[in-house]
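Student: Sequence plus predicted model, see below.
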Amino acid sequence: MSVTTEEVDAVRFRLSGRGGHGYEVRAVDDFLDQVRELLAQGLAVAELADAARFPLSRRAGEGYHAQDVDEFLDRLAGHHNPHGHGADGDAADVDGDGAQPSSDFGRIEPLPEEPGFFGRLFRRR
């Protein structure tokens with residue numbers, strides 16, 4: 001089953017919550033804008049969804065919950081994903097089998113290497 005532009009417009013993701021890091025909101029929203037445009041043109045988005053990677057939010061609680069985003073990306077890509085979460089925070093029983101959600105982050109973009117305070121203070125010139 002393919003996803004429609006209306007579904008992209010209606011999708012809502014939970015925030016990662018206190019103490020948790022999620023995907024950067026702006027990166028995910030920009031991606032969804034791109035998906036919406038492609039779907040409106042009648043183009044496929046499965047490969048784009050498969051290749052999607054997002055940076056983690058720098059501050060805890062400010063990113064989209066990664067499992068929610070990953071579940072939606074799997075739907076865009078046409079993959080079966082029994083480990084999704086619903087928007088209310090409960091595990092979404094997408095296929096009716098009662099499976100519990102996985103806890104991995106499948107689409108993390110590596111953060112750029114940045115020297116810490118002491119690295120900047122004592123860097124070689």
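Tutor: On my side now, so go ahead.
Student: tally of neighbours for the residue nearest to Tyr23 when sequence neighbours are not counted?
Tutor: Nearest non-adjacent residue to Tyr23, counting by Cβ to Cβ, 6 or more residues apart in numbering: Phe54, 3.9 Å away. C-betas here are computed from N, CA, C, even on glycine. Phe54: 24 surrounding residues under other Cβ atoms under 10 Å.
Student: which phi and psi does Phe54 have?
Tutor: In terms of degrees, to the nearest 10, the main-chain angles of Phe54 are phi -130, psi 140.
Student: Show me the shaky parts of the protein.
Tutor: The chain contains residues with pLDDT under 70 at 1, 80-120, 122-125.
Student: so the residue nearest to Tyr23 sits right up against Ala27, yeah?
Tutor: Yes: contact criterion Cβ atoms under 8 Å: Phe54 and Ala27 qualify, at 4.7 Å.
Student: Which stretches in this structure count as strands?
Tutor: 54-55, 108-109 (DSSP state E).
Student: What residues sit buried inside the biggest helix by length in the chain?
Tutor: Longest helix in the chain, counting residues (DSSP state H): helix 25-40. Going by neighbour count (16 or more other Cβ atoms under 10 Å), the buried part of helix 25-40 is Val25, Ala27, Val28, Phe31, Leu32, Val35, Arg36, Leu39.
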